[in-house]
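Peer 1: 3D, please:
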Amino acid sequence: MNIPPRIPVTEAQIDRVVARFYERVRGHPALGPIFAAHVSDWPTHEEKIGRFWRNALLLQRCYDGNPMQVHSAAGNVRAAHFPVWLSLFDATLEQELPEPLARAWSALAHRVGRGLSYGLPQQDDRGPVPFLGEDWSKRTPPSLKRSG
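Peer 2: Numbers count the residues shown, from 1 in each chain. Presented below is the predicted three-dimensional model:
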């Protein structure tokens with residue numbers, strides 16, 4: 001039984017997007033050094049990421065890695081890097097694919113990026129939960145307040 005792809009791109013389109021994206025990454029002032037610290041064999045890395053996207057887009061079951069573990073173990077990858085990563089990825093998709101395919105793949109990439117960023121340190125290392133205002137840890141519960 002053949003399972004239809006999640007997004008009807010071809011393997012050649014996946015390979016082209018991955019190659020063009022990593023060309024941009026290598027030249028990017030923030031992302032380039034992060035990747036350079038961990039990737040010494042670009043063809044092997046790109047092939048692995050191609051398998052990741054074939055698995056995600058074409059449902060080929062050809063990827064067996066653990067992206068969350070890899071990004072967490074890297075030590076220098078932060079949640080704040082993902083918006084930059086996604087903007088480069090979106091620009092690559094827009095350049096390489098017809099608009100409906102680029103938009104669909106981008107939506108999936110943003111979900112993947114959001115999921116990966118949740119498990120990574122924030123810029124100030126407070127943790128994955130955003131600070132939204134009042135510091136509740138310093139607030140006295142009403143039941144412990146003394147009446148005047």
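
Peer 1: what's the distance between Asp64 and His45?
Peer 2: Distance, Asp64 to His45, using Cβ to Cβ, to the nearest Å: 15 Å. (C-beta placed from N, C-alpha, C; glycine too.)

Peer 1: the two: which is more packed in?
Peer 2: Neighbours were counted for Asp64 and for His45 using other Cβ atoms under 10 Å; His45 has more, 15 against 9.

Peer 1: next, the buried residues of the helix or strand encompassing that one.
Peer 2: Mapping His45 onto the secondary structure by DSSP states H and E places it in helix 42-58. Of all the residues in helix 42-58, those buried under the rule 16 or more other Cβ atoms under 10 Å are Glu46, Lys48, Ile49, Gly50, Arg51, Phe52, Trp53, Arg54, Asn55, Ala56, Leu57, Leu58.

Peer 1: what's the closest of these to Arg20?
Peer 2: Comparing the buried residues of helix 42-58 against Arg20 with Cβ to Cβ places Glu46 closest, at 10.3 Å.

Peer 1: and the helix holding His45, what other elements does it pack with?
Peer 2: Applying 3 or more Cβ pairs under 8 Å, 6 or more residues apart in numbering; DSSP states H and E, one finds that helix 42-58 makes contact with helix 11-27, helix 99-118.

Peer 1: the next helix-or-strand element following the shortest one: how far from the chain's middle?
Peer 2: Which is helix 11-27. Using DSSP H and E, the helix or strand that follows helix 11-27 towards the C-terminus is helix 31-36. Taking Cα atoms, centre = their mean, to the nearest Å, one finds helix 31-36 lying 14 Å from the centre of the chain it belongs to.
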